[in-house]
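J.: A predicted structure for the sequence below; I have some questions about it.
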Number of protein chains: 4
Amino acid sequence: MQFASDNWAGVSPQVAEALSASADGFASAYGSDDVSAKARDALGAFFDRDVDVFFTATGSAANMLALSAVARPGGVVFTHKDAHICVDEAAGPESIVGMKLHGLQGRQGRISANELLEAMATYPADAVHRGRGLAISMTQATELGTTYCVMDVAAIGSIARRNGLILHVDGARFSNALVSQNVTPAAITHESGVDLMSLGFTKNGAWASEMVVSFRPDLKDDLTYRHKQMGQVFSKNRFAAAQALAMLKDDHWKVLASHANHMAMRLSDGVASLAGCRLAAPTEINEVFAIIPTALAERLRQAGAVFANWSSDTAEADVAPGDQEVMVRLVTSFATTDDQVDAFLDVAGQAEAA
Amino acid sequence: MQFASDNWAGVSPQVAEALSASADGFASAYGSDDVSAKARDALGAFFDRDVDVFFTATGSAANMLALSAVARPGGVVFTHKDAHICVDEAAGPESIVGMKLHGLQGRQGRISANELLEAMATYPADAVHRGRGLAISMTQATELGTTYCVMDVAAIGSIARRNGLILHVDGARFSNALVSQNVTPAAITHESGVDLMSLGFTKNGAWASEMVVSFRPDLKDDLTYRHKQMGQVFSKNRFAAAQALAMLKDDHWKVLASHANHMAMRLSDGVASLAGCRLAAPTEINEVFAIIPTALAERLRQAGAVFANWSSDTAEADVAPGDQEVMVRLVTSFATTDDQVDAFLDVAGQAEAA
Amino acid sequence: MQFASDNWAGVSPQVAEALSASADGFASAYGSDDVSAKARDALGAFFDRDVDVFFTATGSAANMLALSAVARPGGVVFTHKDAHICVDEAAGPESIVGMKLHGLQGRQGRISANELLEAMATYPADAVHRGRGLAISMTQATELGTTYCVMDVAAIGSIARRNGLILHVDGARFSNALVSQNVTPAAITHESGVDLMSLGFTKNGAWASEMVVSFRPDLKDDLTYRHKQMGQVFSKNRFAAAQALAMLKDDHWKVLASHANHMAMRLSDGVASLAGCRLAAPTEINEVFAIIPTALAERLRQAGAVFANWSSDTAEADVAPGDQEVMVRLVTSFATTDDQVDAFLDVAGQAEAA
Amino acid sequence: MQFASDNWAGVSPQVAEALSASADGFASAYGSDDVSAKARDALGAFFDRDVDVFFTATGSAANMLALSAVARPGGVVFTHKDAHICVDEAAGPESIVGMKLHGLQGRQGRISANELLEAMATYPADAVHRGRGLAISMTQATELGTTYCVMDVAAIGSIARRNGLILHVDGARFSNALVSQNVTPAAITHESGVDLMSLGFTKNGAWASEMVVSFRPDLKDDLTYRHKQMGQVFSKNRFAAAQALAMLKDDHWKVLASHANHMAMRLSDGVASLAGCRLAAPTEINEVFAIIPTALAERLRQAGAVFANWSSDTAEADVAPGDQEVMVRLVTSFATTDDQVDAFLDVAGQAEAA
């Protein structure tokens, strides 16, 4: 009963095969090979427009690379207080990128346009000592397993455009969000004002397939040199490209993400129906955030379930855990099976009955 | 006839198999899994002592991570002017690590103890404006395909120790150097005063198996946080660890490096015996640096040989190319075949006869 | 009626004379001269112990220099959300120092020990992705014109010590705080666990007399090189030293700060006694934060009073301004006269009567 | 006999008076006051065009601020190997600005157009790993006391323009160079392709009057925020502005620089005429670089002369010191008297006679 995280799973057979198939023969280094070119073309098709692609080792690296292309003296990035760049990257965005992060509260993990505008207003052009807003970073899907619809993104995108800010999207679980929203990658990114994004296929079912995708040709040079400067240019880049190609071929990403989301939905419905349990946020992707009795959490772990307790700060006050309760995160993946979900719900059901 | 670089080759079958074998099942993320633990143990056995290991995406990232653990205000790193950190990392060591690089001339790509001491003397303790020497970075094998013997390393190591400097080794082709020197990893690193190194198995025959290996437990915290901060902590780290394990199992690294070195030696002997051709540096690993007639280089390329022209700055004055000559680099790898070498030498031989 | 800020005043006659007196003759550069040595000795006497002193151009520079000596990968600094390093230094602490700032709420501008401990607990040693707490930065006096007593500082100091964090104090208005608390500099700094501080005499009555004072000899080298690296080492340092000497001679700093505080107290009592006016925070130094009718603020400005509207975020909810009210900051200095205070209160009184 | 450096002198009476005259009264902070406005206007008149001005504490800070406005990922700055940014700023330009410095050899302290073009050619657009040239930094006058004429600057300026590089001038002794070249500030800066410069009046006769002057309005925002971010915005900025105003009033800078240059010329002629003594470089400003007998240097010091031995690396091979010789630097200033020069030459003459 593995629900710790989607990065605990291995890789899908198609990705493994793609890697093995690329093992032989010579290819030019640093992304100048045919496989890398094919991957860039496939990503262009995925987004239905020309894009610049920079493969990285991790999503953190992609986030920092993307923000580095925007960095200027006094720079401030508006993002959600629970965003990965705020709490999971060991101050890299501050130290390595050199920007201040302004964390917004936003309900259910989402930035709200109103709060964003209020925050931006605290950096007037004549207050040099405050710094200046340079970028907005949204997480799609959010750290609380929720998503932004096209209208949400377009609203933020238009604020960014009107104020000369860059709009970045952290897409570590972008595939799951696409399946959940059932929209095209184009509609919910560059067509809605997104300038560049961190796109991740790792949690989706690859080994290490993270990248910055840029819809802004004018940022290409800064991204290209920073990519090298950060030590993120794989010499045998085809291994990264081959994984991306495998994920994009025949919408493999969608097949895997749909399964993961479906497993989460089953888990979510099951948990929500248990007495004494409730959701901390609506389940929209492959993550379930629930408030459950502390005793139940213990029982489940005794039975072999693996999952994380979650900081209740990220939930809304009205669903904050009570005395005998704990907030937990259950993550499914391409590798999650119906049996694992059934087993989890059975144990929970028995605990309830007991 | 592929002699462009050892990072143009794919991966050895053993590495490919190891990856496929790791594809299934769940494992905890960020290096806390069993495969990663096994890899760390295997590296400890390789170096015959406890070590701290930090997997990275590239050798550049490993170099910057290692130097970051040493960085302090006013820091200067002594290294060879042709070192990778000086000319191949897009100013990352300056910009991201924040240190000045002091490039030494050193014959045949090697730092000389005398020149090092002279350079260190230009940073006296009372000259704050100059900065202060914090580290020495050697490349083993060097960018000119030469190696340092144990006594060379020990001499530099003792200078580092006496002056309170950290000794770092860039080991992108460490396997080839070990085979060439026929010594143990321990003897030519920590037993000779090396504090931490960048160890690379990628050119040796893996997809992406680069890491910082530290022999200095006191640097562990800085390395740990910087590793995360640089976006270098793979979530599914077992894919990196599995490659390292495959390279270490039954000294697979040695088998591959021995073959690559042997191919280079054959190539070197053949080229050196051609009229009008001579070596720019002794061939000690899997790289041949030669000065050949420009016409011959063209002939070889017409015949399909792939190799790079090299900046003659890196060679000694006494072997600098003449008017109708060009300096070239020929790199072999685990994937180089006798046929490729024969074909190259045949074409060259015919050109000579013509 | 100048109450905009204490940095709008010029310099005290004693400081002006000290500068003129130093204008002639030759002296060695970069702080190796006699005047600089005398200033360091005087600062040692001021703090009743040996200290390391690094003169800087501004308080922001002093803050960044001090924090730079503590910076390590993944570093986090705990401070008040309204601290100068958080909101007035254009992201320099993030970008140039390379640390994340964790802003605490703290009532009346003060960090509370409880909130600090809670915040520190969110950076457990095993959560590398969060970063690690390295320092605590207190502002004495605070940005809301309040002060920490010796017991307050000692409480934070003991938390810092127990957890291996460095305790930094931003003392841009340290003189005013000393007068307000009526304690010795030693008692409220190193004797209470302060490791290093930014000490400012500029607002107190000098042109530019800011410095880092370190009680930690082990930080001297990092401070020394960073001082140079930041471009903060004055070549003719005696001009900075002469100002500090003038401020320290015969407790000139105390005479000036006492006057400024006294003027603020008169202003504070007068404003608090006006109908429809109240204090947003207790007046403890040379700053008055008050909530007054918007109409009154306008009337005062029409009459020539110069003062700033202040963000009410910095005040407590229970004293937040209402519809027709505004929060203002009135700052006095060594140059404020009784006449200015009387004039201000007269205008306010007439407005009230009207 | 004070010839150690021009920053050993105090300040000219006019500067001292200007400061005292500004001591009283209130003025808005951070450069928004009238004196600062007057200084900016005066600098505009000095350069015969609109300029942006950013006062800093030191010349090092001005250099780093100027280069920071140009910094981009992978950035390289071409400059002379002996430039202040290369050897006297404790690696700040690398660590704080984040750029690699490419040091050129250049005869007599000057960058040569040919060597510059050769160096630039080693950073081709398709070699990302090398980084990219972003700026050229010239020192006027140079570290060897020589100057660039208008044609020299224009030649470098046109290279910069054609290649899209920024041209920066480090003008720590710009006044002395202007007097030596007898040209207008405009002719030898923006009219010759200079984009921005570090302008220093400190060595010229002020306490601390250093600034970045920008001829590029498009760089104003980056300079403005970086200026604040570096902790270089004086709160009571009128003290810096008043010094600059005093230096510019009635060409006071020129009077002081002319005297200093004249004193150096007398010293230079005298030393050059001594048996066994010769100049290491032509004396063009207020610095004399000479090769003299080691015994003579000792005799002079015994007699009370203060001056520095200089690294002979900075001189040309053909004037390198011999066995019993040492290279020395003699610096004059506005405060140097004929008596000091006579005394020095008398001692030297007697030593020669002996």
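T.: That came through fine. What you see is a predicted model; the values in this text were computed from it and never measured.

J.: out of everything not next to it in sequence, what's closest to the residue of the stretch 251-354 of chain A found nearest chain C?
T.: Chain C sits closest to A:Ser311 of the stretch 251-354 of chain A, with a gap of 8.0 Å, by CB to the nearest CB. Where C-beta positions appear, they are placed from N, C-alpha and C, glycine not excepted. Taking CB to CB, 6 or more residues apart in numbering or on different chains, and ignoring the residues beside it in sequence, A:Ser311 has A:Met327 as its nearest neighbour in space, at 7.4 Å.

J.: now the one you found: which helix or strand?
T.: Using DSSP states H and E, A:Met327 sits in strand A:325-331.

J.: roughly how far apart are the closest residue to chain B within the stretch 1-150 of chain A and A:Gln229?
T.: Taking CB to the nearest CB, chain B has its nearest neighbour within the stretch 1-150 of chain A at A:Ala61, 3.0 Å off. In this view, A:Ala61 and A:Gln229 are 12 Å apart by CB to CB, to the nearest Å.

J.: how about A:Val150?
T.: 35 Å.

J.: which one's more surrounded, the two?
T.: Legend: neighbour count by other CB atoms under 10 Å in any protein chain shown for A:Val150 and A:Gln229, higher for A:Gln229 (28 against 16).

J.: wait, doesn't the more buried one sit right on D:Pro73?
T.: Yes: in this structure A:Gln229 lies within contact range of D:Pro73 using CB atoms under 8 Å: 5.2 Å.

J.: tell me the residues of chain A that contact chain D?
T.: A:68-69, A:72-75, A:128-129, A:131-132, A:221-222, A:224-229, A:233 (CB under 8 Å from any CB of the partner chain).

J.: so what are the sheet partners of the strand holding A:Met327 and their directions?
T.: Using DSSP bridges, strand A:325-331 pairs in its sheet with strand A:287-293 (antiparallel), strand A:308-309 (antiparallel).

J.: pull out the buried positions in whichever helix or strand comes after the first one.
T.: On the C-terminal side of strand A:287-293, the nearest following helix or strand under DSSP H and E is helix A:294-302. By neighbour count with 16 or more other CB atoms under 10 Å in any protein chain shown, helix A:294-302 contains the buried residues A:296-297, A:299-300.

J.: get me the contact residues on chain A for chain C.
T.: Near chain C, when you scan chain A using CB under 8 Å from any CB, you find A:73-76, A:87-91, A:94-96, A:98-101, A:122, A:128-131, A:311.

J.: recalculate using a threshold of 7 Å.
T.: A:74-76, A:87-91, A:94-95, A:98-100, A:128-131 (CB under 7 Å from any CB of the partner chain).

J.: sorry, back to before: now the strand holding A:Met327: mean pLDDT?
T.: For strand A:325-331, mean pLDDT is 96.

J.: any idea how far it is from the middle of the chain?
T.: Distance, stretch centre to chain centre, for strand A:325-331: 19 Å (CA atoms, centre = their mean, to the nearest Å).

J.: now the buried residues of helix A:294-302 as a markdown table including pLDDT?
T.: Converted to a markdown table, the buried residues of helix A:294-302 look like this (pLDDT from 0 to 100):
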| residue | pLDDT |
| --- | --- |
| A:Leu296 | 96 |
| A:Ala297 | 96 |
| A:Arg299 | 96 |
| A:Leu300 | 96 |
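
J.: closest one of those residues to C:Ser137?
T.: Comparing those against C:Ser137 with CB to CB places A:Ala297 closest, at 38.0 Å.

J.: what sits against that closest one?
T.: Taking CB atoms under 7 Å, 6 or more residues apart in numbering or on different chains, we find A:Ala297 in contact with A:326, A:328.

J.: can you show me the helices along the stretch 201-350 of chain A?
T.: A:202-205, A:220-229, A:238-248, A:252-272, A:294-302, A:338-353 (DSSP state H, counting those that start in this stretch).

J.: using TSV, please lay out these together with distance to B:Glu115.
T.: As requested, these are exported to TSV (distance: least, CB to CB, whole Å):
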stretch	distance to B:Glu115
helix A:202-205	46
helix A:220-229	28
helix A:238-248	39
helix A:252-272	54
helix A:294-302	61
helix A:338-353	63
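
J.: out of those helices, which gets nearest to C:Gln140?
T.: Nearest to C:Gln140, of the helices of the stretch 201-350 of chain A and by CB to CB, is helix A:220-229 at 39.9 Å.

J.: wait, does that closest one contact chain B?
T.: Yes: interface with chain B: helix A:220-229 contributes A:225, A:228-229 (CB under 7 Å from any CB).
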